[in-house]
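S.K.: here are the coordinates; sequence isn't available:
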């Protein structure tokens, strides 16, 4: 069986070449495909459905927290980016530029948005005049373009899909509370929807969003021990408010600058899900993001009774809100089992004429299950929703165990080097960008974040022996 | 009251200047705003919510008819467009072109997609190899860019949002059936969701999509008598299959070209809804697309009891699936009534302390209602869903009456000229492009479509007295 996989649908083992495992899996599981333009991606239906399910979960939470969706232009005048110095410096190397349109050269080149703080800031300045207009809580679902030098499907592509929240507030406290609230929404979706435990914390200065006062992140651990930044939330202070004149009259009639935030999650999250859960047999999809939660494979499917029973079961599942699929392809059961394993379907039901005669079916869970279980057919559908919840819990427990085994407090440089080679190291750091650079040069590890829930602690920097900064440990890891 | 409107929130009367009515309304009702880039649009939350509701209705029907969503790249190599001669000729004048990216000049310029037949055709050619892969039924929700010379919010903007369906089939019959099936979905959504009666039919050759063999359209009548093309569906024959080598092996092992289709509905539909239903007081939103279906205005809202009752009513409505909103702004009831009229909310509930004491409320329907109705508060929420359905029926009946009054069969040129000045003329036509051009030059009217449900009829062309084509009448009108 293992041989079959490698020859046909299979992917290289993770331990042999994690990168090759990922690259082949994304294409073979039909999540995405390379596009004719260098670095661009085509998201295929199976991958796009995961995105739609993730979108729905995020969007509902954005609306529940008072945010409204809107849509802003794709093309932004180059001069807009230049109004915030760090912002333009950070994004300039990655811009795609429209110089001609409608058969003519444009007077001012337009950049394809790499992010929308500038154009949304400009519109907010027109819409906000009084403290009564605040807070203004907006979100946009959109595509953005950043010209990546080393593209990789879902992780770094020249174009990607995301949501970008943009909010304006009367004061710093309110804006900072929003920044952390949305970080909390991201962490909740990562845990409760994607079954990924994440570490929440602030980024160090060197890893901040260009133009932000503070950047917060959720960091997940992939199954090769590397970190993947899966969502970020930025407190922008008054930097963009000053660049775009986003002001309001307060209750005393005084003109004040707004404090703004922005926050985003992208199709990169799909890459995180693949690498946080997948194994040598392929994808392992968390049930709340799985396009098919249960696939029913009729055995000897040309027998009308078996097919009819399979569809009855699928309909029962659907009535309970379960995404069920009957695989009626003209292929062998073995091919189908491997295919749905590769595609990470949580539960598989095998149903043949003998099962039907005894009123049973065979149930197989993709991972963490008990092999082939014989279950009573009449009771099966009703049991599925709880099975899927239990599976979700098993996946997050498994990912948490994996991460905890590969995260350690370290106080010696040699330990640090060993630790970041396999996972995350919690270490004291001096906070100097030069020292971050040295660490990166030697180990390729970077500070992932400063989690506020780590205890107060001071001492000497893990690398340079100068006094530590931040008042607590920093999580280091090699990152995607 | 009328005066208030004109001074503050109001819009110019339709009869005075329909264009000014539209332009002011779109901005004052906070549907959209002009963007800093010429011809681009910002869709504000109130307008975007209409789009989300329309998207959900379309998307559900696409999925029910077996289509899968996917996502294809924004930037397309210029050479791709050139592989279909009519296609590149049709779109060239409207293209926006990326010439620089990542700090360098690109070897080949990339166009920002005006539509995606080319790049999707290229991917289909990689994914399709056998008749077993057919039909391939895809849809994409995306932004597209067409450099419009005379931009207008929602109707013609340099960037707009849409869905584009792209399908590949084994033969012409199957592809033509798909083309008409999706036209039917569009007509159904126009009628059952947007409360707009539409005329379905084929376009004449001069109005075809560049590269199509046949283009079908749904045409709605606006309240100034003009036509608005609200959705199109194209049978592309093997034109794109030949350009992009979309081939398959049939059951006999023979290599064949696929027959492809494409079909789209865009944010333009919001413009159609505004102009098909709106009046001098503002928007009239069909209830299935209204962000708020019922707005409850507490009178003397600082009294806790009234506010509490308003929220109880709103919660009851929401439990019944009704989108209800309580307006607690610090403003006068009169201001709020005008504002929600301008914003086209289907039902308004006024609730004051005296109403509360008698257990009643005042219900006002935006149009076609019976003025202020006194209703029993305890029975109000339960009655709302049926009221909204009745209101939908009233709106479509009203729009149908309006359209029928302004559509006529004409057989004399002088009649034709009078008829297209106020609405649609069903006339016999020779089918010659030259003659279409003459008609347009004299009247600004164009052939909107050839409805298949008109009776068989032949005779002389309304304009040039040559024998008529098509075997039936053509609907002419002045179009947006």
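M.R.: That came through, no problem. Here the structure is a predicted model, which is why all the values come from computation and not from measurement.
S.K.: every contact and neighbour count from this point should use C-alpha atoms.
M.R.: Fine.
S.K.: now residue A:165: how far from chain B?
M.R.: For residue A:165, the distance to chain B (Cα to the nearest Cα, to the nearest Å) stands at 13 Å.
S.K.: excluding sequence neighbours, find me the nearest residue to that residue.
M.R.: Leaving aside its sequence neighbours, residue A:165 sits nearest to residue A:139 (Cα to Cα, 6 or more residues apart in numbering or on different chains; 4.1 Å).
S.K.: just to be sure, that neighbour is in a strand?
M.R.: Yes - according to DSSP: H, G, I helix; E, B strand; the rest coil, residue A:139 belongs to a strand.
S.K.: isn't it right up against residue A:69?
M.R.: Yes - here residue A:139 reaches residue A:69: they are 4.7 Å apart, a contact under Cα atoms under 8 Å.
S.K.: intersection of neighbour lists for these two?
M.R.: Common neighbours of residue A:139 and residue A:69, counting by Cα atoms under 8 Å, 6 or more residues apart in numbering or on different chains, are absent.
S.K.: if we can go back for a sec, residues touching the residue nearest to residue A:165, list them.
M.R.: Applying Cα under 8 Å, 6+ apart to residue A:139 gives the contacts A:62, A:67-70, A:163-166.
S.K.: show me the helices in the stretch 151-300 of chain A, by range?
M.R.: Along the stretch 151-300 of chain A, counting by DSSP state H, counting those that start in this stretch, helices occupy A:172-192, A:239-244, A:268-277.
S.K.: any idea which of those helices gets closest to residue A:399?
M.R.: Closest approach to residue A:399 among these is made by helix A:268-277 (7.1 Å; Cα to Cα).
S.K.: returning to that earlier point: export the contacts of residue A:139 as CSV, with columns for neighbour count.
M.R.: Listed next are the contacts of residue A:139 as CSV, based on neighbours: other Cα atoms under 10 Å in any protein chain shown:
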residue, neighbour count
A:62, 19
A:67, 21
A:68, 20
A:69, 23
A:70, 23
A:163, 21
A:164, 24
A:165, 26
A:166, 22
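S.K.: any chance of JSON lines for these, columns distance to residue B:223 and pLDDT?
M.R.: Listed next are the contacts of residue A:139 as JSON lines, based on distance: Cα to Cα, whole Å; pLDDT from 0 to 100:
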{"residue": "A:62", "distance to residue B:223": "37", "pLDDT": "98"}
{"residue": "A:67", "distance to residue B:223": "34", "pLDDT": "98"}
{"residue": "A:68", "distance to residue B:223": "30", "pLDDT": "98"}
{"residue": "A:69", "distance to residue B:223": "29", "pLDDT": "98"}
{"residue": "A:70", "distance to residue B:223": "27", "pLDDT": "98"}
{"residue": "A:163", "distance to residue B:223": "37", "pLDDT": "98"}
{"residue": "A:164", "distance to residue B:223": "38", "pLDDT": "98"}
{"residue": "A:165", "distance to residue B:223": "37", "pLDDT": "98"}
{"residue": "A:166", "distance to residue B:223": "37", "pLDDT": "98"}
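S.K.: which one of these is nearest residue A:47?
M.R.: The closest of the contacts of residue A:139, once distances to residue A:47 are taken by Cα to Cα, is residue A:163, at 16.9 Å.
S.K.: bridged to the closest one, which residues?
M.R.: Per DSSP bridges, the residues bridged to residue A:163 are residue A:141, residue A:265.
S.K.: swap in the one 4 residues further on?
M.R.: When bridges are assigned using DSSP bridges, the partners listed for residue A:167 are residue A:137, residue A:261.
S.K.: right, and it touches residue A:135 too?
M.R.: Yes - applying Cα under 8 Å as the test, residue A:167 and residue A:135 come out as touching, 7.0 Å apart.
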